[in-house]
Every structure is written in structure tokens, then in C-alpha cells.
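Student: kindly generate the corresponding structure for this input.
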Amino acid sequence: MNEPKLKTLVRIGIDFDNTICHSHYDSEADKWIMGIPFSDVKESLEKVEELGFKPWIFTSRPGAEEIEIWEWLKRGGLKKYIHGVITGKPLFKVVIDDRSIRFRGDWESCIKQLEGIK
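Tutor: Model (predicted):
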């Protein structure tokens with residue numbers, strides 16, 4: 001990607017499980033179960049948009065679960081902040097990237113890092 005395009009890019013990818021929502025793996029059902037939203041995620045997504053970014057969900061969940069994700073977002077009052085859902089992200093032990101912010105359960109820290117990007 002060339003540098004001028006990168007400067008105008010406003011989409012940001014946000015993982016879903018244990019970033020937007022508390023999730024846990026159910027071995028009997030062989031799937032991740034969507035729990036409750038992180039307590040400060042709504043305010044944080046509002047701030048992300050105020051900073052001029054367009055949040056997208058980027059998840060390892062299969063495409064068959066996209067509708068379930070949208071329904072969860074709607075129930076949690078978060079749908080209006082999400083501009084798209086991309087499923088099927090490859091699952092890695094760790095990702096090393098030059099344009100990433102690590103989420104450690106603290107949205108405030110993520111927002112501070114985003115403010116430095118704009």
C-alpha cells in the first residue's frame with residue numbers, strides 16, 4: 001500500500017471475541033460463546049468515530065456467524081458504530097504487524113494510542 005493512500009485510510013479492524021465482547025469457548029458446542037460487551041466499549045467506539053475512524057469487526061469466526069454477530073451488536077446497542085464485519089480472519093498464535101494496537105482489556109489505552117495516529 002502506498003503512503004498517500006495510508007494517510008487517508010479511516011477503516012480500523014477490531015477483533016470481536018474478548019475485545020468487543022467477553023467470550024468463552026464451549027468445548028461441547030465446539031464454538032465460542034458471545035458474552036456481555038466490555039463495560040466501556042460503547043463509549044470507546046463513540047470516541048473512535050469522533051477521531052475520524054470507521055470501526056470494522058475483523059474476526060476469526062466463520063462467515064456463517066456474521067448474522068449472529070450483527071444481532072449481538074444490535075442487542076448491545078453497538079451496531080450503529082460498526083461499519084462492517086469481516087469473518088474468516090486466519091487464526092494465529094500471535095500477529096506481528098507494523099500497524100497494530102494490542103488490546104489488554106483496557107479500551108482507554110487503545111484510544112490514547114489511536115489519538116497519536118491521527
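
Student: ramachandran coordinates for the residue most central in space within the chain?
Tutor: The residue lying closest to the centre of the chain (C-alpha atoms, centre = their mean) is Ile14, at 2.1 Å. Taking degrees, to the nearest 10, you get phi -120, psi 130 for the backbone angles of Ile14.

Student: I'd guessed it sits against Trp56; true?
Tutor: Yes: look at Ile14 against Trp56 with C-beta atoms under 8 Å: they come within range, at 6.9 Å. Yep, even glycine has a C-beta here, placed from its N, CA and C like the rest.

Student: remind me which helix or strand Trp32 belongs to.
Tutor: Taking DSSP states H and E as the definition, one finds Trp32 inside strand 31-37.

Student: and that strand, which strands flank it?
Tutor: Counting by DSSP bridges, the strands paired with strand 31-37 are strand 21-26 (antiparallel).

Student: buried residues in the partner strand?
Tutor: By neighbour count with 16 or more other C-beta atoms under 10 Å, strand 21-26 contains the buried residues 21-23.

Student: contact partners of that strand?
Tutor: Applying C-beta atoms under 8 Å, 6 or more residues apart in numbering, the external contacts of strand 21-26 come out as 16-17, 31-38, 41, 72, 76.

Student: now do stretch 42-55
Tutor: The contact list for stretch 42-55 (C-beta under 8 Å, 6+ apart) reads 10-12, 14, 38, 76-78, 81-83, 107-108, 110-111, 114-115, 118.

Student: and with 6 Å instead?
Tutor: 10-12, 14, 81-83, 107, 111, 114, 118 (C-beta atoms under 6 Å, 6 or more residues apart in numbering).

Student: may I see the buried residues of whichever strand or helix holds Glu49?
Tutor: Element membership for Glu49, per DSSP H and E: helix 41-50. The neighbour-count check on helix 41-50 (16+ other C-beta under 10 Å) flags 41-42, 44-45, 47-48 as buried.

Student: compute the inter-axis angle for it and strand 21-26.
Tutor: Angle of helix 41-50 versus strand 21-26, following axes from the mean of the first three to the mean of the last three C-alpha atoms, to 10 degrees, is 120 degrees.
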